[in-house]
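>>> can you look at this prediction? I've put the sequence above it.
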Amino acid sequence: MKKLFNKKLAVLVSVLCLCTVLFSVAVGVADISFVQAIKILLNKMLFLDLNMDDVKSSSVAIIWLIRFPRALLAFFVGGSLAICGVSYQSIFKNPMADPYILGVSSGAALGATVGIVSKLEFSLFGLNAISILAFVGATGSLFLVYNISKVGKKVPVNTLLLSGIAIGQFLSAAISLMMVFANDLHRIIFWTMGSFNARSWNQLMMVVPYALIGFAVIFSTQREMDIMLLGEDTAAQLGVDTEKLKRKILITTALVTAAAVSVTGIIGFVGLIIPHIVRIFTGPKHIYLIPYSFVAGGIFMILCDTLARSMINQEIPVGIITALFGGPFFVYLLRQRKTGGL
Amino acid sequence: MTSQLILENITVAYGEKTVLENLNINIDEGEFVGIIGPNGTGKSTLIKAITDIIEVKDGNIILNGKNNVKIGRKERARLVAVVPQEFNTDFEFKAFDIVMMGRNPHVGKGRKDSLRDYDIVYEAMIMTNTWQFKERYFNQLSGGERQRVIIARAIAQQTRIILLDEPTSHLDIHHQLEVLELVKMLNKKKKTTILAVLHDINMAARFSDRLILLNDGKIMADGSPDKVVDEKFLGKVYEMEMVIRKNKMLSTKEVVPIRVIKSKAKIKSTHVHVICGGGSGEQILESLKSNGFEVSCGVLNKGDSDWEICKMIDIYCVECKPFSEIDQGSHLKNIEMIKKSDCILVTDVPFGLGNLKNLEALLESDNPIYMIKRQGQFDYTEGIAEELLNKIEKFKGINYIKGYQEFLDAMKKGE
C-alpha cells in the first residue's frame, strides 16, 4: 500500500517536472507557440529531422540556446540548494539552517564583488572571472569557518554555526566597504539577488556535475542522517561516525552550493523553505526527503525564474521572486499544519 | 566465564575536574551489574566513557578483548547498545523507524532494510510489547512506551552488552518495574550482559547480580547486593540516616531512608524504657532513638515486629521466646531496666496472658509512667489487666497522654 503510494507519487512528480520545463520553455517575450517549442526541443534532443519550415531560425536559437538551458540550470540550482538545505537542517538539527548559514554566500559575494570591482577579464571553461572568483570565495569561506570551529578532532555544531555567522558578517562588511568605493554598485546588488539571465549551456555544465555527484553523496548518507536527527550522542551510540558524516556533508554541500551560487548569484529562501515544505508531506526520513526536495526545489526554481523573466517587461532578480512567493506559501502551509512537529 | 568489559585504571575528566578516578571494573559475560551512587559521582560519565562519547584521560577500556580506542563507531555499536535516561525527538519518526535505526550498525551503506532486518525488528518489538503501536509517532507515545521502544532498539542492535543510564528515573513505579523486568528477562533469556546505572537502590538490589557503589568517581563497594546494601557503605555515601532490613517477601535487602536533616533539639541523657509489642512501638522507638534518648525496651517476644525494629536500629531489648509467656528471668531483667530508667513509656499495646507480666513489672517502678490512652478493647485477660492498671494508677500514678507527640513535648519541656 505504502510502496504503491510512493511509486505513484514518484511518477506524478516526474510528470510535473517535465511539464514545468516545457511550460517554462514555451513562455517568454518572443512569440513562439507551445507546439513550436516542443518541436524544436524534440528535434534537437532526439536528432530528428522534422520539417522545420514553419519555425524561424531565431526561435530555434531562443529555445535551444536560451530558454531550455536556462530552465535546466534553474532546475539543478534549485535542487542543489534544496538538498543542501536538507543536509544542514539535519546535521545541525536546526530548522533555520540554510545552505548559506556557514558564510558560503558571503564568501561567494565577496569573490564576485572583487571580480566586478577589479574588472578582471579572464575565463575558464567558458565561465567568466566573476563566477570563478565567487566559487573560490565560497569554498574559501567554508574552509575558514570549518578550521576556526575545529576543537581537536571534533567540530562542535554550535561553534560551527556561530563562527559561520561571524565570518559571514565579517565578509559582508568587507563587501559593503568595497561597495562604498565601487562604480558598479547596481551590478553588485543585482548579483547578490541572483539571476539566471544570460546563463546558458556553459553555466549548466558547471553546475550539473556538482549537483549530481552531490546528490549521490548526500543520498548515500540518508540512513545516517535520519539517525543524526536523534542527536549526536545517540547517533554515535547507534554506530554513526558523526564527525566523519559532518565532514562529508560540509565538504559536499560547500562545493555544490559554491558551484550553484557562482553562476547564478545568491538566490535565497529555496534552501530554507523547500526542505520544510517537503518534510510536511514526506516526514523526516531522508530516503524520501532528499530526492523529493531536489525535485521540488528544481520545479520551484523554474517557476520563479519563469515569473522573473516574464512578469513585467524588465527582468526581476529571481531571488526576489523566491522570497516574494515562497514566503507567503510557506506561512500558509505552516498555518495549515496543526500538529506542530517537524 | 570470560570478561566482556574490563575497565583498567580509568580516569575521566571534564577539563580540570576529575569525574572518574582510577576505576577498575571487570564485568563477566551474562552478569547483571547495577551501578548506584549519589548524583554527580560519575555514573553516567562511565557509560559515556565506554561508548567513547567522552575521551578517557588515562587507562584502558577492553570490550570483548579489544581495546576500545581501536574500535570504530559501527563495530562498537554491534557490541554495546545504550538505553538512555529519557529520549524524545521533535521529528515525526514512527516507533518502527526508531527500532529499525538499531539495525544501522549491521547494514552496509545505503543498503535497504532487508527482510532479515525486518524480522529482527519484529522480534524485538514483540518481545517488548511495542509492535502494536509500531505505526504511531514516537513523540506521541507515553514515557513508558517510549522507553520500551528504546529497549526494543537496543535488542535490535543485537549486542552482547546493554548499558542503561537511569532508564527508569522518569517513570512511575508500574513502568519502572516493567522496564527492569524486561531488562532482567533479556539478561536471563539471551544472556545479555547488563550494566545499569540505577537511582533506586532497592530496585538495583532486587534486579542486579552485583552492585557497584560509586562515590566521587571512586568505587566504594563492589559485590553482591547483600554485601553492598549495608549501612557502613550507604550511610557514608548518601549522608543520611537509614535502616537496612531484609525484605522477606522479595528476600532482598532494602533501604528505608529515614532522614537527612538531623533533629536539632536533642534530649540527652534521659533513659526511656518502652513497653510495647505487636508493632505498637515501631515509629516510637525509631523517633526516640533519633531524638537522642537512651532507649531500652520491655519484654518482647523474639520475632515480634517491635523486636525486629530494636534489632535493626540497635536498641537494647529484654527478650523472651517466641509466642510464649514472659518467663521469670526476663521479667526480672525487665524490672531491672525499669528501675534503671528515668521514665517509662507504655504504648497502646493490648494485653493478654502472654505479656501480662509487663504490666506487673510496672508496679516495681519508682519513675514516672506515661501511658498512651487506649481506644477500644485492650484487655484480653478477662479483667486481670484492667485490675492491674487500676492498681498501678493508685500506687504509682499514670500520666495518660493522647499520643506519642505529647510525650515528646513533655520531655522537651521538662528539659
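Alright, I've got the coordinates. Numbering: from 1, shown residues only, chains lettered A, B, ... in the order given.
>>> taking the stretch 101-250 of chain B, what residue is nearest to chain A?
B:Pro105 (3.4 Å; Cβ to the nearest Cβ). In short, each C-beta sits where N, CA and C put it, glycine included.
>>> and the nearest residue to A:Val240 once chain neighbours are set aside, which helix or strand is it part of?
Excluding its sequence neighbours, the residue lying closest to A:Val240 (Cβ to Cβ, 6 or more residues apart in numbering or on different chains) is A:Glu224, at 4.8 Å. A:Glu224 is part of helix A:222-228, with elements assigned from DSSP states H and E.
>>> which residues of the stretch 1-150 of chain A fall in helices?
A:2-26, A:34-45, A:57-61, A:68-91, A:104-118, A:129-149 (DSSP state H, counting those that start in this stretch).
>>> what about the first one, distance to the chain center?
Read it as helix A:2-26. On the basis of Cα atoms, centre = their mean, to the nearest Å, helix A:2-26 sits 19 Å off its chain's mean C-alpha point.
>>> ok, and what's touching it?
A:32-34, A:37-38, A:41, A:63, A:67-68, A:71-72, A:74-75, A:288, A:292, A:295-296, A:298-299, A:302-303, A:305-306 (Cβ atoms under 8 Å, 6 or more residues apart in numbering or on different chains).
>>> so residue 205 is in which element?
In the absence of a named chain, chain A is used. Assigned by DSSP H and E, A:Met205 falls in helix A:201-220.
>>> oops, chain B please
Using DSSP H and E, B:Ala205 falls within helix B:201-207.
>>> tell me how many other residues crowd residue 25.
Reading this off chain A. Neighbourhood size, A:Val25 [other Cβ atoms under 10 Å in any protein chain shown]: 25.
>>> wrong one, chain B
A count of neighbours around B:Ile25, defined by other Cβ under 10 Å, yields 20.
>>> hang on, the earlier thing: can the helix holding A:Met205 be said to contact chain B?
Yes. Applying Cβ under 8 Å from any Cβ of the partner chain, one finds helix A:201-220 in contact with chain B at A:Phe219, A:Ser220.
>>> now for that helix, which elements pack on it?
Counting contacts by 3 or more Cβ pairs under 8 Å, 6 or more residues apart in numbering or on different chains; DSSP states H and E, helix A:201-220 packs against helix A:68-91, strand A:127-128, helix A:242-264, helix A:286-310.
>>> out of those, the one nearest B:Leu234 is which?
helix A:242-264 (38.6 Å; Cβ to Cβ).
>>> so for the closest one, what gets flagged as buried?
In terms of neighbour count (16 or more other Cβ atoms under 10 Å in any protein chain shown), helix A:242-264 has its buried residues at A:242, A:245-246, A:248-250, A:252-264.
>>> so which elements touch that helix?
helix A:68-91, helix A:104-118, helix A:129-149, helix A:201-220, helix A:222-228, helix A:232-237.
>>> what residues does stretch B:405-415 touch?
Contacts with stretch B:405-415, where a contact means Cβ under 8 Å, 6+ apart, come from B:265, B:267, B:270, B:272, B:287, B:291, B:293, B:343, B:345, B:370, B:372, B:399, B:401.
>>> ugh, wrong one, stretch B:2-9
So stretch B:2-9 is in contact with B:22-29, B:46, B:50, B:58-65, B:160-161, B:193, B:195, going by Cβ under 8 Å, 6+ apart.
>>> list only those of the residues you listed flagged as buried.
Burial by neighbour count, judged by 16+ other Cβ under 10 Å, picks out B:23, B:25, B:27, B:46, B:50, B:59, B:61, B:63-64, B:160-161, B:193, B:195 from the contacts of stretch B:2-9.
>>> tabulate those in TSV, adding columns for pLDDT, secondary structure and distance to B:Glu241.
Converted to TSV, those look like this (pLDDT from 0 to 100; DSSP: H, G, I helix; E, B strand; the rest coil; distance: Cβ to Cβ, whole Å):
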residue	pLDDT	secondary structure	distance to B:Glu241
B:Leu23	88	strand	29
B:Ile25	91	strand	30
B:Ile27	91	strand	33
B:Leu46	90	helix	28
B:Ile50	91	helix	34
B:Gly59	88	strand	36
B:Ile61	90	strand	37
B:Leu63	88	strand	40
B:Asn64	86	coil	43
B:Arg160	91	coil	41
B:Ile161	92	strand	37
B:Thr193	93	strand	35
B:Leu195	93	strand	30
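>>> ok, now how distant is A:Phe181 from chain B?
Going from A:Phe181 to chain B by Cβ to the nearest Cβ, to the nearest Å gives 47 Å.
>>> quick one, what contacts that residue?
Going by Cβ under 8 Å, 6+ apart, A:Phe181 touches A:Val117.
>>> what confidence value was assigned to it?
Predicted confidence (pLDDT) for A:Phe181: 81.
>>> try B:Val183
Looking at B:Val183, its pLDDT reads 92.
>>> quickly list the domain ranges of chain B.
Split into domains by automatic domain parsing, chain B comes to B:3-258, B:271-414.
>>> as CSV, those with distance to A:Met311 would be great.
Putting those into CSV (distance: least, Cβ to Cβ, whole Å) gives the following:
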stretch, distance to A:Met311
domain B:3-258, 37
domain B:271-414, 85
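>>> can you tell which of those is closest to A:Ile175?
A:Ile175 lies closest to domain B:3-258 among the domains of chain B, at 35.7 Å (Cβ to Cβ).
>>> the closest one: end-to-end distance?
The first and final residues of domain B:3-258 sit 38 Å from each other (Cα to Cα, to the nearest Å).
>>> stretch A:117-136 now?
16 Å.
>>> does B:Lys246 fall in a helix, a strand, or a coil region?
When classified by DSSP: H, G, I helix; E, B strand; the rest coil, B:Lys246 comes out as strand.
>>> residues contacting it?
Applying Cβ under 8 Å, 6+ apart to B:Lys246 gives the contacts B:Thr252, B:Lys253, B:Glu254.
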